[in-house]
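Novice: quick check, what structure comes out for this input:
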Amino acid sequence: MVKERKEGKAKRPKKKRWYSYLGEAYAISRETYSWTPFAVFGPILGGIALGVILGLATDRWILWPVMLTLLGVTAAMFILVELVKRASYAKIDGIPGASAAVLGQIKRGWIVPQEPVRFNPRSQDMLFRAIGRPGIVLVTDGDQGRSAKLVDEERRALKRVVPGVPIHVISVGNNEGQTPLLKLQRAMKKLPKTITNQEVQAVYQRLDAVKTNNIGIPKGVDPTKARPDRRGMRGR
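Specialist: Here you go, the predicted structure:
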């Protein structure tokens, strides 16, 4: 019995410390951006150097070095988080379902189903839907020209079910007239708010009760499989 307990304890995985997550985040960033060491350690070394210089000039050996070193570390953490976010998005950019991974990061104020509302199994073009205070946002994932048919079908269905609710369309991609994957969240936040939080819930419940489509995703196709490294994006 004692032996079994010892074996059970030995099998438990070790809990990762915060610095382990920082190391993973740094590795993810450096894999994509070779200049990551300069971007991360530059502010720290710069803060230390400036702190020493000001300490010599003002004869305050503790205040300036400590304060500017902490400021440099804070700046380095912000830079690392942003680099990891960009690196994670760069890895999934162009993969079918990448937009769903980014939309999944939006939590507050938005209702975002994980599955696409429209799907073309032949071309793997997808249309995702988000509901928030700006109204309904349709996000295309795929060729802009081919996705236009999916947008038109969904727009007509929405106007029948929830008439009067504003409908916005964001085409994700790197071509002219499209929104890069990295800027998708920012583009959604810039949309004007036209409905209340209560109306957001009402629209969602209405659409959930009356399905606007029958997309029929084939077996073996997981359009939401693409996922950025969330731990790395948090820098933890």
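
Novice: which strands and helices sit next to the longest helix anywhere in the chain?
Specialist: In the chain, assigned by DSSP state H, the helix with the most residues is helix 63-92. If contacts are counted by 3 or more CB pairs under 8 Å, 6 or more residues apart in numbering; DSSP states H and E, helix 63-92 sits against helix 18-32, helix 36-58, helix 98-103, helix 230-234. (Each C-beta comes from the backbone N, C-alpha and C, glycine too.)

Novice: need the winner for burial among those.
Specialist: helix 98-103 (a mean of 24; mean count of other CB atoms under 10 Å).

Novice: so after that one, what's the next helix or strand?
Specialist: Using DSSP states H and E, the helix or strand that follows helix 98-103 towards the C-terminus is strand 110-111.

Novice: what are the pairing partners of the next helix or strand after that next one, and which direction each?
Specialist: Later in the chain than strand 110-111, the nearest helix or strand by DSSP H and E is strand 118-120. Strand 118-120 pairs in its sheet with strand 125-132 (antiparallel), by DSSP bridges.

Novice: contacts for the strand it pairs with?
Specialist: 96-97, 99-100, 103, 106, 109-113, 116-120, 136-143, 146-147, 150-151, 154, 188, 191, 200, 203-204, 207, 223 (CB atoms under 8 Å, 6 or more residues apart in numbering).

Novice: and if we set it to 7 Å?
Specialist: 96-97, 99-100, 103, 109-113, 116-119, 136-143, 146-147, 150-151, 154, 188, 200, 203-204, 223 (CB atoms under 7 Å, 6 or more residues apart in numbering).

Novice: check stretch 102-114 too.
Specialist: By CB under 7 Å, 6+ apart, stretch 102-114 touches 89, 100, 128-133, 139, 181, 184-185, 188, 200, 204, 224.

Novice: equivalent analysis for stretch 139-150, please.
Specialist: Against stretch 139-150 from outside (CB under 7 Å, 6+ apart): 96-99, 103, 118, 120, 123-128, 130, 151, 170-173, 175, 177-178.

Novice: in it, which residues are buried?
Specialist: Neighbour counts using 16 or more other CB atoms under 10 Å place 139-142, 144, 147, 150 of stretch 139-150 among the buried residues.
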